[in-house]
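Q: Output the structure for:
(one chain, ligands or ions: 1)
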Amino acid sequence: MINEKMYSLGSTRSKIRELFEYGKTLAQKIGSENVFDYTLGNPSVPCPEEVTKTIISEVQNPMIHGYTSAQGTIGARKAICDYNFKRYGFELNPDLTYLTCGAAAGLAITLRALISSPNDKVLTFAPFFPEYKVFAENAGGSLIYSKCDESTFDIDFLELEKTICSDVQAVIINSPNNPSGTVYGEETIIKLSKFLNDKQREYGHAIYLITDEPYREILFDGAVCPFIPKYYDNTVVCYSYSKALSIPGERIGYVSVSPNAENAQKLYLAIAGAGRSLGYVCAPALFQAVIEKCVDKVSDSTVYKDNRDVLVENLTKLGFTCVNPKGAFYIFMKSPMESAEEFSDIAKTFGILVVPSDSFGVKGFVRLATCVSPDLIKRSLPAFEKLAKELKMI
Ligand code: PLP
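A: Okay, the predicted model is just below:
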């Protein structure tokens with residue numbers, strides 16, 4: 001019998017994909033120059049030249065394509081840990097590091113390793129990446145979320161206190177955040193660590209903090225992203241090179257269990273077991289070799305900052321409101337209408353494609369991905385002006 005839950009996941013598109021596909025159809029009708037697609041988080045800057053050169057040189061070895069060990073090559077795992085030590089002064093352990101097909105696979109297997117009963121819950125903060133719900137449910141548990149402070153999208157600790165319960169086995173944070181662009185500063189991380197340590201004592205079990213970090217390198221205005229294992233012992237880092245190196249289609253990232261985590265070795269082996277049970281063994285071999293050589297490279301993200309500046313300035317002038325994002329490549333704009341879905345539908349009639357916030361766990365906002373060409377942004381400004389006029393904002 002076909003699994004209905006899987007059928008439903010496979011046969012429905014996310015709102016983001018739905019709008020993206022709509023954009024392609026719209027472009028055929030009204031011309032691609034009249035469609036301003038702000039839907040997808042696909043990096044718009046090229047991967048660093050060193051990455052291209054390394055791919056070319058590594059691929060000369062016809063044996064590069066073989067299986068590696070399930071957790072990845074020791075060379076790549078060591079390079080990752082050495083790099084993090086140099087950068088953050090914290091020693092991750094190559095033997096607690098597992099190469100994955102991006103952060104998505106890392107999150108999926110980490111949750112699979114941490115959830116053992118249908119009552120088990122994973123807590124995150126809204127707005128959040130919608131796939132967390134899919135991963136938590138597929139692991140056999142459920143996702144609950146705590147609303148952020150909507151004026152900053154920082155953690156609201158009063159809300160968190162109301163939401164957390166003893167069934168929570170894991171908490172996911174994502175900073176810089178998709179979709180709000182918020183970066184949790186050191187003060188927030190210290191407060192969160194203390195909060196979770198107190199809860200661990202109260203509940204009498206570990207609460208693992210999963211830090212989902214595909215945007216760790218994309219920071220603006222001097223924002224600093226604290227290295228979470230330094231602050232909280234029970235941390236699992238889920239990192240991805242998708243955005244840092246502009247290689248999302250190559251599927252490479254890693255999970256690293258903090259050596260200070262409770263039962264670190266057992267958790268690592270459970271992550272390996274989850275990888276095995278889902279068939280997620282041996283991340284792409286060519287890209288393991290590339291990461292080993294290019295672990296310290298990052299794509300140039302200045303264009304994301306320039307795009308953010310142009311959009312925030314012009315949208316604000318038109319009367320739209322958005323928190324100025326300090327990282328990642330999204331703007332989370334307040335919908336001028338109560339229903340973000342309705343606003344997104346009206347925007348579509350001006351060729352502007354923005355994602356309503358409902359699937360991110362909050363109402364009344366839209367997400368604009370700023371990983372687009374500066375030219376698209378420039379051309380879209382008159383359409384935003386018409387939209388503002390239509391809504392009687394100007
Ligand atoms: N987490 C967040 C917050 C994301 O935005 C994404 C992708 O956009 C992912 C995880 C998954 O990224 P990947 O699997 O490409 O590393």
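
Q: now for the helix or strand of the chain with the lowest mean pLDDT, which elements pack on it?
A: When each helix and strand of the chain is scored by mean pLDDT, DSSP states H and E, helix 15-30 comes last, with a mean of 91. Other elements packing on helix 15-30 under the criterion 3 or more C-beta pairs under 8 Å, 6 or more residues apart in numbering; DSSP states H and E are strand 36-37, helix 340-348, strand 352-353, strand 355-356. Bear in mind the C-beta positions are built from the backbone N, C-alpha and C, glycine included.

Q: contacting residues around the last one?
A: Think strand 355-356. 15-16, 19, 38-39, 179, 335, 340-341, 343-344, 365-368 (C-beta atoms under 8 Å, 6 or more residues apart in numbering).

Q: do stretch 136-148 and the ligand meet at all?
A: No. With C-beta under 6 Å from any ligand atom as the criterion, the ligand is not reached by stretch 136-148; the gap is at least 13.2 Å.

Q: on that earlier part again, so which of the helices and strands packed on helix 15-30 comes closest to residue 183?
A: Using C-beta to C-beta as the measure, strand 355-356 is the one of these that comes nearest residue 183, at 20.7 Å.

Q: Point out where this protein drops to low pLDDT.
A: For the chain, no stretch is flagged by pLDDT under 70.

Q: Distance from the helix or strand hosting residue 79 to the middle of the chain?
A: Counting by DSSP states H and E, the element that carries residue 79 is helix 74-88. Taking C-alpha atoms, centre = their mean, to the nearest Å, one finds helix 74-88 lying 21 Å from the centre of the chain it belongs to.

Q: Check stretch 206-224 too.
A: That offset, for stretch 206-224, works out to 9 Å (C-alpha atoms, centre = their mean).

Q: Output it as PDB, nothing but the C-alphas.
A: Extracted in PDB, the C-alpha atoms of stretch 206-224 (Å, rounded to 0.1, in the frame of the first residue of the first chain):
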ATOM      1  CA  ALA A 206      19.200  16.600  28.000                       C
ATOM      2  CA  ILE A 207      17.800  19.200  25.600                       C
ATOM      3  CA  TYR A 208      20.000  19.300  22.500                       C
ATOM      4  CA  LEU A 209      20.400  22.600  20.700                       C
ATOM      5  CA  ILE A 210      20.500  22.100  16.900                       C
ATOM      6  CA  THR A 211      22.000  25.000  15.200                       C
ATOM      7  CA  ASP A 212      21.000  25.200  11.500                       C
ATOM      8  CA  GLU A 213      23.700  27.400   9.900                       C
ATOM      9  CA  PRO A 214      23.500  27.600   6.100                       C
ATOM     10  CA  TYR A 215      23.800  31.500   6.300                       C
ATOM     11  CA  ARG A 216      26.600  31.700   8.900                       C
ATOM     12  CA  GLU A 217      28.900  33.500   6.500                       C
ATOM     13  CA  ILE A 218      26.300  36.000   5.200                       C
ATOM     14  CA  LEU A 219      26.500  38.900   7.700                       C
ATOM     15  CA  PHE A 220      26.100  42.600   7.300                       C
ATOM     16  CA  ASP A 221      26.900  45.800   9.200                       C
ATOM     17  CA  GLY A 222      29.500  44.200  11.400                       C
ATOM     18  CA  ALA A 223      27.000  41.600  12.800                       C
ATOM     19  CA  VAL A 224      28.700  38.700  14.600                       C
END
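
Q: Contacts only, for residue 218.
A: 176, 243, 244, 301, 304, 327, 328, 329.

Q: Quick check: closest non-adjacent residue to the fourth one.
A: Just to be clear, that refers to residue 301. The shortest distance from residue 301 to any non-neighbouring residue, by C-beta to C-beta, 6 or more residues apart in numbering, is to residue 218 (4.8 Å).

Q: likewise the third one?
A: Computed as C-beta to C-beta, 6+ apart, the closest residue to residue 244 that is not its neighbour in sequence is residue 217, at 4.4 Å.

Q: can you tell me how far that neighbour sits from the ligand?
A: 13 Å (C-beta to the nearest ligand atom, to the nearest Å).
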